[in-house]
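Undergrad: Below are the sequence and a predicted model; questions follow.
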Amino acid sequence: MIEDAELLRCYAEARSETAFAELVGRRIGLVYSVALRTTRDAHRAEDVTQTVFADLARKAKSLANHPVLAGWLFRSAHFAALDLVRAERNRAAREQEAQTMQENLGSAGLCPEWEKIRPVLDQAMSELNECDRDAIMLRFFDGRPFADIGARLQLTENSARMRVERALDKLHALLSKRGVTSTASALGVALANQAVAVAPVGLATSVTAAALASADLTAATAVGILQFMTTTKFVASAAAIIGFLALGTAGYQINARHQAEASLAAANQSHAARAARLRGVEQSARAAEQEAARLKETVEAAQAKAAADAQVAKAAKPWNRVAEGGAFLRRHPEVMQAYIDYADAGTKFNYGRFFKSRALTPAQIDEFLALMRFGVVLTEAVTVDGKKAVLTPYETGMAASEVQRRLRILLGEEGYKEFVDVFPTRIGQRYTSAVASALSFTETPLTPDQADQLIEIVSASHRLARSKGLQWEDADWDATDVKAQGVLTAAQLPAWNSVSALGRAGRTLATAQASSSKNAPTK
């Protein structure tokens, strides 16, 4: 069997569409499965799959010598799916699409172990280092024998077997932390049988066509050139075949003509599908532009009203930016509710698995969400008379010690300890995910080893702050930056600096809010 890298080289050097189509057909199940597990929606999974293979076509030359192309496809699919989910979360949350996604996925035919593994597999895989992840990809996702794995990773067959077993044990340990209690052997069986789903019929054809068009031409030019090339090649090939087959039998001539007609019909069908997709993209773009214009007018009107209200109230009371922001929210309860929905959505995303592991009731979850809102730092503001009024749902908030005391009562000592242990790691993953997203489509994407180190650096900084009785926003960001510089390259550092600046801004805003609340007049 021709290796993935060889097929990609054929496309990169000779522009062989046949080689690229074979590579897509071979790996589309892997990419589609990763996207489906992350997005939990078949249509979004198809969009992510198309994005990944379009990126592969564009970067074919630089990736042609990649040792394990399946590993690169896994990471690209995982990060692309995360980007898509993050971009659509605000709109999708109001439409309650999470329930629909779950119904679409279904669970018929899945073994009990796989039903537990499926929701957390990709996150756990992304936490492995690249060598371990490649070993698991080759053995369980590709079904390669140990001798083949050893040749690919420059190991003996026995060493390859040991590498796979150690990688499987590490993955099993990561999944155990997420509530998966099956054995390592059961995990291996589940991966071998369930990890790669069957992609929808026709998806490989549409993805191949879109990826090739994206790599070589703009969408509109690609449609015209494809039609021209298809017709030209067909006419030239038909002429050559007729001249050659004039010396052959009549039966062979009929067979060749039928094959040429089938090829032309397939090309025309592909052209029509691409043209229809292009029209859909253009319609979506126009709709997005109209919605952006409407939202801009709404925001400008709200800011103008806020400025006018603040001007009227200026003479009646001294300026307090937190109090002014609170007054604005009381005048606009819909904005207050939007901020509360924002806080709750983030908490549900970060602690959904914690809710399940502790078997919290709906009433307990509501109380947990209400307590966690006091810890959300909101940086939005409106300009009133040349000054910034901070928008936060609470003018004074609740003391951190009081929030902690109530969480202990709600969760119990064991549950509170689990909550405290999870929180720093969540923060580390959140910042690392932001860096990975910023670098995912650059020439220097974040590697799995770098991601693991960044998660540990940020988590350790926040654990240290908590061990000193401080809040998470009081972490030592200067020390964190120094450690991050030792992990990232010079090309990657700007992405980290942007994320780090958000952490520093959160600390500064929290300090300013606390000072403003302390100096606010007693009501």
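TA: Yes, it's here.
Undergrad: So A19: helix, strand or coil?
TA: What DSSP: H, G, I helix; E, B strand; the rest coil gives for A19 is helix.
Undergrad: Make sure it is actually in contact with L7.
TA: Yes: with contact defined as Cβ atoms under 8 Å, A19 and L7 form a contacting pair (4.6 Å). In this view, the C-beta of every residue, glycine as well, is placed from N, C-alpha and C.
Undergrad: More neighbours: those two, which one.
TA: Between A19 and L7, counted using other Cβ atoms under 10 Å, L7 has the larger neighbour count: 23 against 19.
Undergrad: domains in the protein, as residue ranges please.
TA: Domain segmentation of the chain under automatic domain parsing yields 4-203, 219-292, 317-519.
Undergrad: Would you mind finding the most buried of the ones you listed?
TA: Ranked by average neighbour count under the criterion mean count of other Cβ atoms under 10 Å, the domains of the chain are headed by domain 4-203 at a mean of 18.
Undergrad: ok, V420 - contacts?
TA: Under the criterion of Cβ atoms under 8 Å, 6 or more residues apart in numbering, the contact list for V420 reads R466.
Undergrad: Distance-wise, check it relative to S182.
TA: Per Cβ to Cβ, to the nearest Å, V420 is found 28 Å from S182.
Undergrad: Helices of the stretch 151-300 of the chain, start to end?
TA: Assigned by DSSP state H, counting those that start in this stretch, the stretch 151-300 of the chain shows helices spanning 157-176, 184-194, 203-216, 219-245, 250-314.
Undergrad: which of these has the lowest average pLDDT?
TA: Set side by side, the helices of the stretch 151-300 of the chain show their lowest mean pLDDT on helix 219-245, which sits at a mean of 40.
Undergrad: For the most centrally placed residue in the chain, pull up the helix or strand it's in.
TA: By Cα atoms, centre = their mean, the mean C-alpha position of the chain lies nearest to L82, the distance being 1.0 Å. Assigned by DSSP states H and E, L82 falls within helix 69-94.
Undergrad: For that helix, name the packing helices and strands.
TA: The elements that helix 69-94 packs onto, with contact taken as 3 or more Cβ pairs under 8 Å, 6 or more residues apart in numbering; DSSP states H and E, are helix 4-14, helix 17-39, helix 42-58, helix 121-127, helix 130-136, helix 333-358, helix 400-439.
Undergrad: one step back: correct me, but the residue nearest to the centre of the chain touches T432?
TA: No: the pair L82 and T432 fails to qualify as a contact (Cβ under 8 Å) at a distance of 11.4 Å.
Undergrad: Any stretches of the stretch 301-450 of the chain with poor pLDDT?
TA: 310, 313-317, 374-381, 384-385, 392-397 (pLDDT under 70).
Undergrad: Please repeat the previous calculation with a cut-off of 80.
TA: Where the stretch 301-450 of the chain drops to pLDDT under 80, the residues are 309-327, 329, 339, 342-343, 346, 349-350, 373-400, 420-426.
Undergrad: got the contact list for stretch 483-495?
TA: Against stretch 483-495 from outside (Cβ under 8 Å, 6+ apart): 435, 438-439, 442-444, 446, 450, 453-454, 457, 496, 500.
Undergrad: what two of those are the furthest from one another?
TA: Spatially, the most separated pair among these is E443 and I457, at 23.6 Å (Cβ to Cβ).
Undergrad: and A389, what element?
TA: strand 387-390.
Undergrad: Off-centre distance for that strand?
TA: Distance, stretch centre to chain centre, for strand 387-390: 33 Å (Cα atoms, centre = their mean, to the nearest Å).
Undergrad: Ok, stretch 280-294 next?
TA: What separates the centre of stretch 280-294 from the centre of its chain is 23 Å, taken as Cα atoms, centre = their mean.
Undergrad: tally of neighbours for the residue nearest to E17 when sequence neighbours are not counted?
TA: The shortest distance from E17 to any residue that is not its chain neighbour, by Cβ to Cβ, 6 or more residues apart in numbering, is 5.8 Å, and that residue is L212. The criterion is other Cβ under 10 Å. On that basis, L212 has 21 neighbouring residues.
Undergrad: measure L212 to I340 for me?
TA: 47 Å.
Undergrad: Confirm that T383 sits in a strand.
TA: Yes: with the criterion set as three-state DSSP, the secondary structure at T383 is a strand.
Undergrad: which residues pair with it across the strands?
TA: Counting by DSSP bridges, T383 forms beta bridges with K388.
Undergrad: which ones are touching it?
TA: Contact criterion Cβ under 8 Å, 6+ apart gives Q303, A307, A389 as the residues in contact with T383.
Undergrad: Make JSON lines from the residues you listed and add distance to F141 to it.
TA: Written out in JSON lines, the entries for those read as follows (distance: Cβ to Cβ, whole Å):
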{"residue": "Q303", "distance to F141": "51"}
{"residue": "A307", "distance to F141": "57"}
{"residue": "A389", "distance to F141": "53"}
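Undergrad: who touches M372 in this structure?
TA: Each residue near M372 by Cβ under 8 Å, 6+ apart is listed here: A343, T347, Y351.
Undergrad: change it to 6 Å
TA: Contacts were defined as Cβ atoms under 6 Å, 6 or more residues apart in numbering; by that measure M372 touches T347.
Undergrad: Helix or strand for it, just tell me which one.
TA: Applying DSSP H and E as the criterion places M372 in helix 362-372.
Undergrad: what separates that helix from the chain centre, distance-wise?
TA: Relative to the centre of its chain, helix 362-372 is centred 27 Å away, using Cα atoms, centre = their mean.
Undergrad: Only alpha carbons, please: show it as PDB.
TA: C-alpha atoms of helix 362-372 as PDB (Å, rounded to 0.1, in the frame of the first residue of the first chain):
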ATOM      1  CA  PRO A 362     -30.800  20.800  38.900                       C
ATOM      2  CA  ALA A 363     -31.300  22.900  42.000                       C
ATOM      3  CA  GLN A 364     -27.700  22.400  43.100                       C
ATOM      4  CA  ILE A 365     -26.500  23.200  39.700                       C
ATOM      5  CA  ASP A 366     -28.500  26.500  39.700                       C
ATOM      6  CA  GLU A 367     -27.000  27.400  43.100                       C
ATOM      7  CA  PHE A 368     -23.500  26.500  41.900                       C
ATOM      8  CA  LEU A 369     -24.000  28.800  38.800                       C
ATOM      9  CA  ALA A 370     -25.200  31.700  41.000                       C
ATOM     10  CA  LEU A 371     -22.200  31.400  43.200                       C
ATOM     11  CA  MET A 372     -19.700  31.200  40.300                       C
END
